[in-house]
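Q: generate a structure from the sequence data that follows.
(2 chains)
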There are 2 protein chains.
Amino acid sequence: MESASTMRPASARSLGASTFQGTGRVRFVQVAAGRGGRATARRSGPVAVVAEDRPVIIGLAADSGCGKSTFMRRVTGVFGGTPTPPSGGNPDSNTLLSEMTTVICLDDYHCLDRYGRKEKNVTALAPEAQNFDLMAEQVQAIRDGKAIQKPIYNHVSGLLDPPEEITPPKIYVIEGLHPFYDERVRDLLDFSIYLDVSDEVKFAWKIQRDMAERGHSLESIKASIEARKPDFNAYIDPQKQYADMVIEVLPTQLIPDDQEKKILRVRLIQKEGNKNFDPLYLFDEGSTISWIPCGRKLTCSFPGIKFFYGPDTYFDEEVSVLEMDGQFDKLEELIYVESHLSSTSAKFYGEITQQMLKNSGFPGSTNGTGLFQTIVGLKIREVYERISQKEVLPVS
Amino acid sequence: MESASTMRPASARSLGASTFQGTGRVRFVQVAAGRGGRATARRSGPVAVVAEDRPVIIGLAADSGCGKSTFMRRVTGVFGGTPTPPSGGNPDSNTLLSEMTTVICLDDYHCLDRYGRKEKNVTALAPEAQNFDLMAEQVQAIRDGKAIQKPIYNHVSGLLDPPEEITPPKIYVIEGLHPFYDERVRDLLDFSIYLDVSDEVKFAWKIQRDMAERGHSLESIKASIEARKPDFNAYIDPQKQYADMVIEVLPTQLIPDDQEKKILRVRLIQKEGNKNFDPLYLFDEGSTISWIPCGRKLTCSFPGIKFFYGPDTYFDEEVSVLEMDGQFDKLEELIYVESHLSSTSAKFYGEITQQMLKNSGFPGSTNGTGLFQTIVGLKIREVYERISQKEVLPVS
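A: Below is the predicted model of the structure:
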């Protein structure tokens, strides 16, 4: 116990578990700070102290055309190396391998190919088109350290090709439409992410890609989105309740009646209570904050950048939300923002900025999608380290 | 110059004057931090390095009935001791002495007593009722280290009593209706404060005091406020443009259509660029922030507490505004808030809380008036230390 007069301002940041005595003089006991200098009473740091020598299983759910592959390139970039398809195998394999990670696409577990779906009149979103028994069995096998013969769905031909062998990696990422649909698969995941792009933004992206780049008509794009909606709402969307983190992509609120949908408001919804990671926060954990960093020390061009952070509930569960509206147009803005985020799982100050710069050619590099995807990559590294009790060196 | 990978999170707080080179790797130069750990490009810390051995002159402007005496008790409390009237002098003296401070009331410079004002049909607010020549001459004399024979306005009799001798103190505070009205007096001030209570709150306070405690009627209170208004608006209110700090007291915005006016929204408007003090800030200097500290780590009763901080302009001058809406109902809330304020001029962590506790019987102790008055006291200490280059030990 220290008297107030010997406390230095530097120790004044966090006060979660202080107790007070006396009235004329303030005395308090400060609980030892957890990871990243936080002092909290709720959490006492990593719980998994017994190392588990097994692949860590990560699930990423998102609709097609929502930037899953960019997301995966950001995540694997945190671990270094360039992800490549299995060498000498099927050139249409959906799998990407790097030294530490293997990313597989759950479309490979289609039990109906393009013609079978047409025949039975079901979409690729329907559970009837997926082989969940095999998916559960093979994810369990990988988790148990066993190699699998995973089917390949050929996106070019629309047919099921002969399987490829997948050996257990350090980090196994299953990405696709149904990673949390089947309870058996869901229960095998150490960390789960849902990329939730709002209809307005999805529509603007599809127009950009399918109309500008592929010559589709506006009507056909609208029709294809509408046709997907019933099954999407029935089978894909409800999975977000199971995610540890949801990245919501919405139109900006900084420009009234914005029609362009180029500036995005992106929300990172972080579930509380997963022992494998700590949610990140802005300034003061657990309070409610809005922050416009652009001002005297940092100048930004129109429409600026606005952050929000605060506790909330999501499907009746306790979450912390971090929101970024607007986009970075100068490097200073990105590193300034990084400097005010806490519990990011970065290993050194500037790591987020460094990752963003390295991948600056990827879509979303100047807004919250790129920022939060990069942070998710760091969180996955933290999850791996907590479970394996092995340190991953940062890459440059 | 350090490479990003060797920077530690602890150094990540402030980034004002960083420069960047390269793209794949972040390199930057960090300018040495100023007072209190801030790193800014704009200010380079205290400028007055040559000690001035003279009384420091402080001005406090406020209407009567707005809590000037409570304010002064909070300010002098920072320097310790109990302020007392000059011993053996006029029992109706308005002066308060303590070891370091002398507080005089500018009503003593009335050139017209109650009867003279009645005869000439001027109010106590009118410049014609003040002897500004003598005020300027005597403040200058004190600043020059000379004793003065200051008149006494007797508030009981309404007459001018024989003068009292005032010797130069370390800190000389002139409080009253016109401390910044006369340019000669204004130019002698090292630090100036205006207490700006909104009409709605003033009215609620007067009802409390004059109706509940003194038995006046609601109509007479309204009439007396209305009668004062023209002269107040003409002669008192415009002085706030000259203040280094304005404390604005407004009704709460936390309770829609609040009628009670017991919960207050208090704004501390801090002028930028006075070399004798640094404005305090919340979380991130120069940005715009709203903060509801009540959440996961801190629980508060209805209607809670809300802070705002941001740059603004005030009478065309650059200011920083810190606002507190709501009130503290537990000690934890006060010390939690203190822990997130920076550049407060406190000498140890907890000093604001300690001062607030010591004076917890004073009006406004649970809201922004008490908090900001206490902070003004600490700023006055900082002004004194910068000018005199002498250290003042904190009192307990």
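Q: from now on I want contacts and neighbour counts done on CA atoms only, so please keep to that.
A: Will do.
Q: is any part of the host helix or strand of A:Thr313 close to chain B?
A: Using DSSP states H and E, A:Thr313 sits in strand A:305-314. Yes - with Cα under 8 Å from any Cα of the partner chain as the criterion, chain B is reached by strand A:305-314 at A:Pro311.
Q: for that strand, list the C-alpha coordinates in PDB.
A: The C-alpha trace of strand A:305-314 is given here as PDB (Å, rounded to 0.1, in the frame of the first residue of the first chain):
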ATOM      1  CA  ILE A 305     -12.300  10.400 -39.000                       C
ATOM      2  CA  LYS A 306     -14.500   9.500 -36.100                       C
ATOM      3  CA  PHE A 307     -14.100   6.700 -33.500                       C
ATOM      4  CA  PHE A 308     -16.600   5.300 -31.100                       C
ATOM      5  CA  TYR A 309     -15.900   2.800 -28.300                       C
ATOM      6  CA  GLY A 310     -18.300   1.400 -25.700                       C
ATOM      7  CA  PRO A 311     -19.900  -1.600 -24.000                       C
ATOM      8  CA  ASP A 312     -23.100  -3.000 -25.600                       C
ATOM      9  CA  THR A 313     -25.000  -6.200 -25.900                       C
ATOM     10  CA  TYR A 314     -25.200  -8.300 -29.000                       C
END
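Q: helices and strands around that strand, which ones?
A: Where contact means 3 or more Cα pairs under 8 Å, 6 or more residues apart in numbering or on different chains; DSSP states H and E, strand A:305-314 is packed against strand A:288-292, strand A:317-326.
Q: neighbouring contacts of that strand?
A: For strand A:305-314, the external contacting residues (Cα atoms under 8 Å, 6 or more residues apart in numbering or on different chains) are A:241, A:281-282, A:286-294, A:318-328, B:295-296.
Q: now do the helices in the stretch 51-200 of chain A.
A: A:68-77, A:114-120, A:132-143, A:183-186, A:199-206 (DSSP state H, counting those that start in this stretch).
Q: which one of the ones you listed lies nearest to chain B?
A: Of all the helices of the stretch 51-200 of chain A, it is helix A:68-77 that lies closest to chain B, at 13.2 Å by Cα to the nearest Cα.
Q: other SSEs contacting the closest one?
A: helix A:368-388.
Q: name the helices or strands packed onto the helix it packs on?
A: Secondary elements touching helix A:368-388 (3+ Cα pairs under 8 Å, 6+ apart): strand A:56-62, helix A:68-77, strand A:245-251, strand A:264-271, strand A:317-326, helix A:351-358.
Q: relative orientation of the last one and helix A:68-77 in degrees?
A: Think helix A:351-358. Comparing the axes of helix A:351-358 and helix A:68-77 via axes from the mean of the first three to the mean of the last three Cα atoms, to 10 degrees yields an angle of 130 degrees.
Q: go on, the third one?
A: With the same axes, to 10 degrees applied, the angle from strand A:245-251 to helix A:68-77 works out at 130 degrees.
Q: which residue is the nearest non-sequential neighbour of the residue nearest the centre of chain A?
A: With distances taken as Cα atoms, centre = their mean, A:Val376 lies nearest the centre of chain A, 4.3 Å away. Using Cα to Cα, 6 or more residues apart in numbering or on different chains and skipping the chain neighbours, the partner closest in space to A:Val376 is A:Val75 (7.0 Å).
Q: how deep is the one you found tucked in, by neighbour count?
A: For A:Val75, the number of neighbouring residues by other Cα atoms under 10 Å in any protein chain shown comes to 23.
Q: verify the stated contact: it with A:Thr374.
A: Yes - shown here, A:Val75 and A:Thr374 form a contact pair, counting by Cα atoms under 8 Å, at 6.4 Å.
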